[in-house]
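A.B. asks: everything below, folded, please.
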Amino acid sequence: MTDLDTILAAGQALAAVHGAVDQVINAALYYGPGVLALTATIAAFRACAWAADRYHQLLQDRADRRAYTARAFRLCRVADSADAVLALGDNTVNEYLDNKLAATPDLAPEEGR
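C.D. replies: Numbering: from 1, shown residues only. Below is the predicted model of the structure:
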């Protein structure tokens, strides 16, 4: 981008602002200050609503990242534990799993259903 392009872009931006200000002045002269005050109030309300939505989304994203990080940490701990158990050898793994099964209460007995 050259200096000439920068000057032209600045001129276009200035022309756009000048046009917007001109329209606001024309509206104030035609409709009166009450409509301008109402328009400003609506614009301020919408800006505040937008900011509140953005803040809420930021908080939700932070909570999602925190939950994702906690879940990833738990999965890494499970994987480390599984790696440690599998490193013991086949016989030891079978004994470990049999002991876990024996220690687990039977929550769904077949004869009572």
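A.B. asks: for the rest of this, base every contact and every neighbour count on C-alpha atoms.
C.D. replies: OK.
A.B. asks: show residues contacting the lowest-mean-pLDDT helix or strand in the chain.
C.D. replies: In the chain, the helix or strand scored least confidently by mean pLDDT, DSSP states H and E is helix 90-103, which has a mean of 79. For helix 90-103, the surrounding residues in contact (CA atoms under 8 Å, 6 or more residues apart in numbering) are Val85, Leu86.
A.B. asks: list the contacts of Gly32.
C.D. replies: Going by CA under 8 Å, 6+ apart, the list of residues near Gly32 is empty.
A.B. asks: Thr39 versus that one, what's the distance?
C.D. replies: To Thr39, Gly32 is 11 Å away according to CA to CA, to the nearest Å.
A.B. asks: can you check Leu75 too?
C.D. replies: Using CA to CA, we find Leu75 at a distance of 53 Å from Thr39.
A.B. asks: try Leu29
C.D. replies: Going from Leu29 to Thr39 by CA to CA gives 14 Å.
A.B. asks: do the same with Ala49
C.D. replies: Remark: distance between Ala49 and Thr39 (CA to CA) = 15 Å.
A.B. asks: state which helix of the chain is the longest.
C.D. replies: What stands out as the longest helix in the chain, according to DSSP state H, is helix 33-86.
A.B. asks: fine, thanks again, bye for now.
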